[in-house]
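> sharing a model prediction with you, sequence too.
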Amino acid sequence: MSVDASPSVTRIALESCFEFVCYDAPAGTDGLPLEPGQIQCAADGRATLLHFAPRRWLVPSPSAALHTRLADLEHRGRGALIDVDGKWQMLRIADAAGILGRSINVQALLRHRQCAAGVVFDCPVILARGASVDLWVVSSYLDSLLAAVVGE
Amino acid sequence: MVNLREDGMVLDDGLVLRLAPDRYLATTSSGHGGHMLSHFEFYRDTEWCDRRVALTDVTEAWAVIVCAGPARRDALRGVLGGDWHEALGRLAHMEFAPGRWRGATLRLLRASFSGELAFELHCPPRNALPLWETLIHAGMAPYGLEALDILRVEKGYLVGAELNGQTTPFDLGMGHLVKTAGNCVGGELLHRPAFHEPIRPKLVGVRAANGRAMFLAGAQLTAPEDRRRSCGHVTSSVYSPALGEWIGLALLAREHAREGGTILAQDPLRGGDTLLRITPTNHFDAAGGRMKA
């Protein structure tokens, strides 16, 4: 489900949300995007694994298969899968360079990586590059961020 | 859980819930989550970097509603439904039970910061408003921070005024909570002689010696016969409707902290001098019968 907060900003409901933490450097066989800043997408282009900090991934609305795969990694002692449903709120921003430009240079931030954790208008966020920019903001900062970007 | 800094001072306190054999949820005092996460991460990455421990901030993933009062067990039976009757009857103080309410996760924790029988309801944020409205519809009433402050001072529970970064667990009466077998963060420096000198503060309860006078947090404490040398200060004070008088907590030099003795609270800008009686920190229901009912 999505709700337009403005013509350029759409709120997208997350069915679930997890963070996965690897105890050691990830291996190719783990099936995770290996380098910080890399993301893995579903067939529809939606980012499903965002390596937003060293050995830490955001996992928004994972498919059953992806959840099973990560739970299996946890079972094998590779890391921990933590349910963080409610912690993050997702926004899709069509003109991110313009809308967020008063706070950060999105193009520069995402020039050499697909995702990055940062602070936008004093709000902690994770940004991911795609056809548009997807942004996950810590829930209690959502209203402040929307007020800053669309005057809501 | 009581966390110490390296120098032995109390950093924060909270609860730790064991959710699964290898999974824990730690609560901190209000607003200290980020700081405590950094503290845990520092020690995970330095002292115990060989351990396979992941730390994640889930503060935003949970809403917590506290239901406190002698009738809350029965009221919650009505609100939460039959699936929770067994847990509501079984849970002892500091125990919790996981389950579901209206299809969503709910955790019921029997813990109290008010001294009353109390249950914390932990739920996903999206369920917090429906749960809140159901509780209110069932006849429960919101209580505010001032009421909570009165209740916690009556019980001698601590907040930032007492956990002020300059107090050790021994100062605060938490010595029994310090790990004695093996080492713990801050453990080595806790045994410094300076931490056990007569001028170190000790947490005490205080009430007006005449049973009526008001006194306020911040008042300086002196011996009645030596009014120029401060030996502590009042950290918290409230008017207790249950006791019908002003009560408080104070950090007072051990050499003066004799229960039943008196001490002078000097507050020249606000209220003048008040002679206080030194009491136990727990002013009300010392045996905890209400909380453990």
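It's in.

> got the residue ranges for the helices in chain A?
A:64-75, A:96-99, A:106-109, A:142-150 (DSSP state H).

> residues from chain A in reach of chain B?
A:19, A:21, A:23, A:77, A:79-80, A:82-88, A:138-140 (CB under 8 Å from any CB of the partner chain). Every residue, glycine included, has its C-beta placed from N, CA and C.

> can you pull the domain assignment for chain A?
Annotated domains of chain A cover A:2-12+A:87-150, A:17-83 [automatic domain parsing].

> mind checking pLDDT for the most far-flung residue of chain A relative to its centre?
Here the centre of chain A is the reference, and by CA atoms, centre = their mean the most remote residue is residue A:76, at 25.1 Å. Here the pLDDT value assigned to residue A:76 is 94.

> how about the helices of chain A, which one is nearest residue B:70?
helix A:142-150 (37.5 Å; CB to CB).

> which strands and helices sit next to that closest one?
Judged by 3 or more CB pairs under 8 Å, 6 or more residues apart in numbering or on different chains; DSSP states H and E, the packing partners of helix A:142-150 are strand A:2-6, strand A:9-12, strand A:88-93, strand A:123-129.

> distance from that helix to the middle of the chain?
Centroid separation for helix A:142-150 versus its chain: 18 Å, with CA atoms, centre = their mean, to the nearest Å.

> buried residues, it. List them.
Neighbour counts over helix A:142-150 (16 or more other CB atoms under 10 Å in any protein chain shown) mark A:142, A:145, A:146, A:148, A:149, A:150 as buried.

> wait, which of these is closest to chain B?
Minimum separation from chain B among these (CB to the nearest CB) is found for residue A:142, which lies at 10.1 Å.

> what residues are up against residue A:139?
Counting by CB atoms under 8 Å, 6 or more residues apart in numbering or on different chains, residue A:139 makes contact with A:86, A:87, A:88, A:89, B:60, B:125.

> just the buried subset of those, please.
By 16+ other CB under 10 Å, the contacts of residue A:139 give A:86, A:87, A:88, A:89, B:60 as buried.

> hmm, back to that, among the contacts of residue A:139, which pair sits farthest apart?
For these, the maximum inter-member distance is 11.2 Å, found between A:88 and B:125 (CB to CB).

> find the residues that touch each one of these two.
Joint contacts of residue A:88 and residue B:125 (CB under 8 Å, 6+ apart) are A:139, B:60.

> quick one on the thing from earlier: as CSV, the helices of chain A with distance to residue A:124 would be great.
Conversion of the helices of chain A to CSV gives the following (distance: least, CB to CB, whole Å):
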stretch, distance to residue A:124
helix A:64-75, 23
helix A:96-99, 17
helix A:106-109, 14
helix A:142-150, 10
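
> where does the prediction get shaky in chain A?
Within chain A, the stretches with pLDDT under 70 are A:1-3, A:5, A:152.

> what does chain B put close to chain A?
Proximity of chain B to chain A is confined to B:23, B:52-54, B:56-63, B:124-126 under the rule CB under 8 Å from any CB.

> how does it look with 6 Å?
Residues of chain B lying close to chain A (CB under 6 Å from any CB of the partner chain) are B:52, B:54, B:56, B:58, B:60, B:61, B:124, B:125.

> please tell me I have it right and the third one contacts residue A:82.
Spelled out, it's residue B:56. Yes - counting by CB atoms under 6 Å, residue A:82 is a contact partner of residue B:56 at 4.5 Å.

> quick revisit: narrow the residues of chain A next to chain B to those in strands?
Counting by DSSP state E, those place A:19, A:21, A:79, A:80, A:82, A:83, A:88, A:138 in strands.

> of those residues - the most surrounded one?
Per-residue neighbour counts (other CB atoms under 10 Å in any protein chain shown) across these peak at residue A:19, which has 24 neighbours.

> that residue is in contact with residue A:81, isn't it?
No - the criterion here is CB under 6 Å, and residue A:19 misses it with residue A:81 at 7.8 Å.

> now residue A:96, nearest residue through space, not along the chain?
In space, and not counting its chain neighbours, residue A:96 is closest to residue A:133: 3.5 Å by CB to CB, 6 or more residues apart in numbering or on different chains.

> burial of that neighbour, as a residue count?
Look at residue A:133: counted by other CB under 10 Å, it has 22 neighbours.

> now it: how far from chain B?
Using CB to the nearest CB, to the nearest Å, residue A:133 is found at 22 Å from chain B.

> residue A:53 now?
11 Å.

> burial of residue 7, as a residue count?
Just going to use chain A. Counted with other CB under 10 Å, residues neighbouring residue A:7 total 9.

> try again with chain B
Counted with other CB under 10 Å, residues neighbouring residue B:7 total 14.

> separation between it and residue A:107?
In this view, residue B:7 and residue A:107 are 47 Å apart by CB to CB, to the nearest Å.

> show me where the stretch 51-200 of chain B has strands.
Under the criterion DSSP state E, counting those that start in this stretch, the stretch 51-200 of chain B contains strands at B:63-68, B:95-101, B:104-110, B:118-123.

> among the ones you listed, show me which one is buried the most.
strand B:118-123 (a mean of 22; mean count of other CB atoms under 10 Å in any protein chain shown).
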